[in-house]
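S.K.: I'd like to go over a predicted model; first the sequence, then the structure.
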Amino acid sequence: MTLPRRLLVTGGAGFIGSAFVRRMLERHSDLTITVLDKLTYAGNLANLAPIEDDPRYRFVLGDIADAEVVDSLAAEADAIVSFAAESHVDRSIEEPDAFIRTDVYGTFVLLEAARRHGHARYLQISTDEVYGHVPEGSSLEEDSLKPRSPYSASKAGGDLLVGAYHATYGLPTLLTRASNNYGPYHYPEKVIPLFITNAIDDEPLPLYGDGLQIRDWLYVDDHVDALEAVLVHGEPGETYNIGGGNELTNLELTRTILERMDKPMSLVRSVPDRAGHDRRYSVDCSKLRSLGWSPAHTFDEGLDATIRWYLDHADWWRPLKSGEYLEYYRRQYGDRLAAGTAVE
């Protein structure tokens, strides 16, 4: 299979989606990409500024749950790559209905469009969180889904629809489940950009609970490379885990960030944990590695590059940490920080 040449990329103004768009246009001169994005709080056209004048790129403001808009764009594409999702656990606890509408119903709308227009590929980008807490070992693609938050449950619902459309209609679907991503252009409410930007301003770093939750960290460009490998070499109907092989506790992650930035641990505040907080995620990536992919960046390399990017691009992130962001931050962390304690 060769890479489809006309892609409809949903959620392409977000963190991972925009990295995919930028990298694919840089690599493939005969590729055209239409980005469909609702531009919710985490969607940002500034993420696509480096390619905004490229004639192979087009942006359309719209919702994946709008069947009319989706169908008109799908008619012009050979494949759909769907990043579009509500994706923050804390926000899903506040507003689960928005997650169900986008992550489940929106996925249905996209799958129907891909089926109607006979697309060569439909790639759904999902998350390792659908497997739930993994106390030991690593999740395999065929493992049961045990989501424990409205976010991961809505993503699991979309995943099941993708599988059903392959089994029922023969749609050439592909599904990926990635571990936690980090890198440039990451909306600053997620833990790594939040802690980097707060540390730059000597603001408190709110660390949930004891900080011993374990996550596997994947540099965003390595994720994009994996998605290209799946698009070209993946077997229709299959799911592929994507992980960076960098498991750290949140406390270890926090210490590493502050050490790299020459900032004190006194900035860290242990705050009351979120409800239903999964303790550990871990994915087995053997199936994906059989396609020839492996991460190109060590965690240290990726983190150093990420810190440098935020230090050099305050003009990108400072405007974001205002307005709606500040309202959310105060709702989420105001009382927690007031009740927080110092971390030794």
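M.R.: Good, I have the coordinates.

S.K.: stretch 230-248 - what's its average pLDDT?
M.R.: Stretch 230-248 carries an average pLDDT of 97.

S.K.: you'd agree Ala113 is up against Ser72?
M.R.: No - assessed by Cβ atoms under 8 Å, Ala113 is found out of contact with Ser72, at 9.1 Å. Any C-beta I mention is one placed from the backbone N, CA and C, and that applies to glycine too.

S.K.: higher neighbour count, those two?
M.R.: Between Ala113 and Ser72, Ala113 has the larger neighbour count (other Cβ atoms under 10 Å), namely 23 against 13.

S.K.: residue ranges for the strands of this structure, please.
M.R.: For the chain, the strands defined by DSSP state E occupy 6-10, 32-37, 57-61, 79-82, 121-127, 173-178, 180-182, 205-208, 214-219, 239-242, 247-249, 268-271, 341-342.

S.K.: looking at those, which is closest to Leu288?
M.R.: Among the strands of the chain, strand 239-242 comes nearest to Leu288, with 4.5 Å by Cβ to Cβ.

S.K.: what sits up against that closest one?
M.R.: With Cβ atoms under 8 Å, 6 or more residues apart in numbering as the test, strand 239-242 has contacts from 128, 139-141, 159, 163, 174-179, 218, 223, 226-227, 230, 234, 283-285, 287-288, 291.

S.K.: just the buried members of the residues you listed?
M.R.: Among these, those buried by neighbour count (16 or more other Cβ atoms under 10 Å) are 128, 139, 141, 159, 174-179, 218, 223, 226-227, 230, 234, 283, 285, 287-288.

S.K.: show me what contacts the residue sitting nearest the centre point of the chain?
M.R.: Nearest to the geometric centre of the chain sits Ile16, at 5.4 Å (Cα atoms, centre = their mean). Ile16 is in contact with Phe83, Ile125, Ala178, Asn181, Val220, His223, Val224, counting by Cβ under 8 Å, 6+ apart.

S.K.: closest to Thr306 out of the residues you listed?
M.R.: For those, the closest approach to Thr306 (Cβ to Cβ) belongs to Val220, at 8.9 Å.

S.K.: what is the burial count for the closest residue to the closest one other than its chain neighbours?
M.R.: Closest residue in space to Val220, ignoring its immediate chain neighbours: Gly183 at 3.5 Å, by Cβ to Cβ, 6 or more residues apart in numbering. Gly183 has 24 neighbours, counted by other Cβ under 10 Å.

S.K.: for Gly183, give me its contacts.
M.R.: Gly183 sits next to Phe15, Ala19, Tyr219, Val220, Asp221, Gly302, Ala305, Thr306, Trp309 when contact means Cβ under 8 Å, 6+ apart.

S.K.: can I get the buried part of the residues you listed as one ChimeraX selection?
M.R.: What follows is the ChimeraX syntax for the buried subset of the contacts of Gly183, where burial is set by 16+ other Cβ under 10 Å:
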select :15,19,219,220,221,302,306,309
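
S.K.: the nearest residue to Glu301 once chain neighbours are set aside and Ile51: what is the separation?
M.R.: Using Cβ to Cβ, 6+ apart and skipping residues adjacent in sequence, the residue nearest Glu301 is Tyr219, 7.8 Å away. From Tyr219 across to Ile51, the span is 20 Å (Cβ to Cβ, to the nearest Å).

S.K.: ok, back up a step: any chance of the contacts of Ile16 in a markdown table, with pLDDT and distance to His313 too?
M.R.: Shown next, in a markdown table, are those (pLDDT from 0 to 100; distance: Cβ to Cβ, whole Å):
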| residue | pLDDT | distance to His313 |
| --- | --- | --- |
| Phe83 | 97 | 21 |
| Ile125 | 98 | 24 |
| Ala178 | 97 | 24 |
| Asn181 | 97 | 17 |
| Val220 | 98 | 15 |
| His223 | 98 | 20 |
| Val224 | 98 | 19 |
